[in-house]
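Colleague: coords please:
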Amino acid sequence: MSETSQTESTDTNLPPNPAAAAPAPAEPTPSPALDEQLASAKKEAVANYDRYMRAVADLENFRKRTARDKDELRQFATAGVVEDIIPILDNLSLGLAAAKQQTDVKPIVEGLGLVLEQFKSTLGRHGLKEVNPLGQAFDHNLHECISHQPSPEVAAEQVSLVVRLGYTLNGRLLRPASVVVSSGPAQTEEAKS
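Modeller: Presented below is the predicted three-dimensional model:
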């Protein structure tokens, strides 16, 4: 037997190769429905991206506008108060000019008293309220006790002296009143023993 015939007989004993036997897969042909879905999805993606970019721009504009409004509010929040204080400044200037020409102190004191009342009235219209607890019971929420002293006229735990007035603004404490609180009548050495 020749060498060629031996090889042929050996090849016939091998199992057939399935890949070689199967026909080559055909290229998938895109269906028109898939093309339409892909085009629609791309169009939707572009529209979503456009909406996203617009939303980001709107948010950035909103942040800038809010910061600008907040800055303006901070700058001009006290404009109403300052506008009401300007006439008081005018009166103080007039009073000072008049005081320079006066030799009598009484009219100056009266003028300053009027300006002080005008000032209090103006601040009162903006919610400022004076805390003057003279003769009242000590209240640690509104008063600051700087001393405890005996007093024959004022009952114990009552405010006997207001050293510095307190103030509230629309019900919120700005500054407590600094007060001296009575400890009642002084006890003599006989009473103590």
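Colleague: low-confidence ranges in this protein?
Modeller: Residue ranges of the chain with pLDDT under 70: 1-30, 189-193.
Colleague: past the helix ranked longest in the chain, which element shows up next along the chain?
Modeller: Longest helix of the chain, by residue count under DSSP state H: helix 32-76. Note on helix 32-76: by DSSP states H and E, the next helix or strand toward the C-terminus is helix 79-101.
Colleague: ok, residues contacting that next one?
Modeller: 107-108, 111-112, 114-115, 118-119, 122-123, 125-126 (C-beta atoms under 8 Å, 6 or more residues apart in numbering). Bear in mind the C-beta positions are built from the backbone N, C-alpha and C, glycine included.
Colleague: at 7 Å instead, please
Modeller: 108, 111-112, 115, 118-119, 122, 126 (C-beta atoms under 7 Å, 6 or more residues apart in numbering).
Colleague: next one: stretch 126-137
Modeller: Contacts for stretch 126-137 (C-beta under 7 Å, 6+ apart): 81, 139, 142-143, 157-159, 162, 165-170, 177, 179.
Colleague: can you flag which of the residues you listed belong to helices?
Modeller: Using DSSP H, the contacts of stretch 126-137 in helices are V81.
Colleague: narrow the contacts of stretch 126-137 to those that are buried.
Modeller: 142-143, 158-159, 162, 166, 168, 177, 179 (16 or more other C-beta atoms under 10 Å).
Colleague: those in strands, which ones?
Modeller: 143, 159, 162, 166, 168, 177, 179 (DSSP state E).
Colleague: the third one touches V180, doesn't it?
Modeller: Right, V162. No. In this structure, V162 is not within contact of V180 by C-beta atoms under 7 Å, at 8.0 Å.
Colleague: separation between the residue nearest in space to the middle of the chain and G95?
Modeller: Among the residues of the chain, the one closest to the centroid is K70, at 9.9 Å (C-alpha atoms, centre = their mean). Distance, K70 to G95, by C-beta to C-beta, to the nearest Å: 39 Å.
Colleague: do the same with V82
Modeller: From V82 to G95 the distance is 20 Å (C-beta to C-beta).
Colleague: of the two, which one has the most company?
Modeller: Of the pair V82 and G95, G95 is the one with more neighbours under other C-beta atoms under 10 Å, namely 18 against 10.
Colleague: could you list the domains of the chain?
Modeller: 38-126, 127-187 (the TED database).
Colleague: what is the end-to-end distance of the shortest one?
Modeller: Using C-alpha to C-alpha, to the nearest Å, the end-to-end distance of domain 127-187 comes to 43 Å.
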